[in-house]
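> Okay, here's the prediction I keep looking at, along with the sequence it came from:
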Amino acid sequence: MSDSQSEQFTECPNLRGWICQRQATQMTDLERLDFYWFSGTGNTLLVAQALADLFADEGWDVRLQPMTDTDPTSVQPEGWVGLAFPVACQTTYPLVWRFCERLAPGQGTPIFMVDTMAGYSGAVVGPLRGVVLKRGYTPIGAREIIMPSNLYPIRVSEERNQRLRERGQEQARAYARDLLAGRAHWGHIHILPDLFRAIMGSRPMWHWIARTDGLLRVDQERCTRCGLCAALCPVANIRLAPWPEYQRRCEQCMRCLSYCPEKALGLWGLPRVPYRAVPADALLPSPRKAGEPCPGDGEQKVA
Ligand SMILES: Cc1cc2nc3c(=O)[nH]c(=O)nc-3n(C[C@H](O)[C@H](O)[C@H](O)COP(=O)(O)O)c2cc1C
Ligand code: SF4
Ligand code: SF4
């Protein structure tokens, strides 16, 4: 992370509080953007924040809110809606699909999406367009932005990661300008993406992925039982009993592995080089007990 980035987050460790402060200074008769995000390790949050900042600078009333703290069924959009999330396994996490599929019905409400990825996504833009159309929204823009990989952070240098993050944030600002100027577009290439989504978003696939949390290992020599991994998990998959235990609903967002201060968690028994684009505070969902679903999740299930 660059010095300027750390300063920004040091000044206000809780990003949500910072956004609220910006809102408080704004007038009430402004254009409104409700912008919902999910981010495993911070890339998407940086992109969402850059985009939100540009809208705010253009005088919009921006509400940047974590999907994990929002009940999608009670969303009451007054202006535009934005969605930001990472690509995972060519699609996105089941928790993101659950959120989008349960969005309160729109009345032709303009909606846009932005995702972050390491290289390629096969099955997000088109299938999600279908979902939001079905919910009654008008898709106005989709963009995919390349950021560092949080899956294999060991392969590249921090310097290169930083350059990628800065470029990604610049692309997010350019996208915001395109959205505001009516130049953005949310197209749909049929057949292949839908096929990908059917395969990669299928229940058996994510059940298999969820089972991989059997491969997550806690090094009890290192673990101090601080509980940060459990607090950060977006699907309440970790229980301290007294050591962290996984509950078979992992979505592989990488938070617990990346943010453990003791590097006590490893995948496939291997130690992990942590990838962190923002401090842990910026990602903390509101506290939930292990097994307790996110707001609006209803019964927890694999999408
Ligand atoms: C389990 C997992 C699967 C991923 N799958 C893909 C993929 O299919 N394509 C891709 O380009 N990047 C993939 N990535 C990389 C992330 O999409 C990328 O690093 C993203 O910016 C992470 O965002 P975040 O920090 O907001 O979680 C994957 C990452 C993880 C953890
Ligand atoms: S974050 Fe790390 S040290 Fe803290 S409880 Fe989890 S595994 Fe243990
Ligand atoms: S167990 Fe870890 S990797 Fe899995 S969903 Fe929770 S925080 Fe993410």
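Received it, and whenever you're ready, just let me know what you need. The structure presented is a predicted model; accordingly, all values stated were derived computationally and were not measured. Residues are numbered from 1 along each chain as shown. Ligands and ions are numbered 1, 2, ... in the order given.

> Tell me where this structure has helices.
3-11, 15-24, 43-57, 94-101, 125-134, 158-180, 192-200, 203-211, 228-232, 255-259 (DSSP state H).

> Which strands or helices does the third one pack on?
Right, helix 43-57. Where contact means 3 or more Cβ pairs under 8 Å, 6 or more residues apart in numbering; DSSP states H and E, helix 43-57 is packed against helix 15-24, strand 32-37, strand 61-66, strand 80-86, strand 109-117, helix 158-180. C-betas here are computed from N, CA, C, even on glycine.

> in it, what counts as buried?
By neighbour count on 16 or more other Cβ atoms under 10 Å, the buried set for helix 43-57 is 43-56.

> Over to the fifth one?
Residues of helix 125-134 classed as buried under the neighbour-count rule (16+ other Cβ under 10 Å) are V125, G126, P127, L128, R129, V132.

> what's it packed up against?
helix 94-101, strand 109-117, strand 137-146, helix 192-200.

> 7 Å - rerun?
Under the contact definition 3 or more Cβ pairs under 7 Å, 6 or more residues apart in numbering; DSSP states H and E, helix 125-134 sits against helix 94-101, strand 137-146, helix 192-200.

> Least confident of these, on average?
The minimum mean pLDDT among those belongs to helix 192-200 (a mean of 66).

> OK, contacts around V87?
When contacts are counted by Cβ atoms under 7 Å, 6 or more residues apart in numbering, V87 touches D115, T116, M117, S121, V124.

> What is the nearest of these to ligand 3?
T116 (16.1 Å; Cβ to the nearest ligand atom).

> how much space between that closest one and V96?
12 Å (Cβ to Cβ, to the nearest Å).

> now swap in E58 and tell me
27 Å.

> And these two? Which one has more around it.
Between E58 and V96, V96 has the larger neighbour count (other Cβ atoms under 10 Å), namely 29 against 14.
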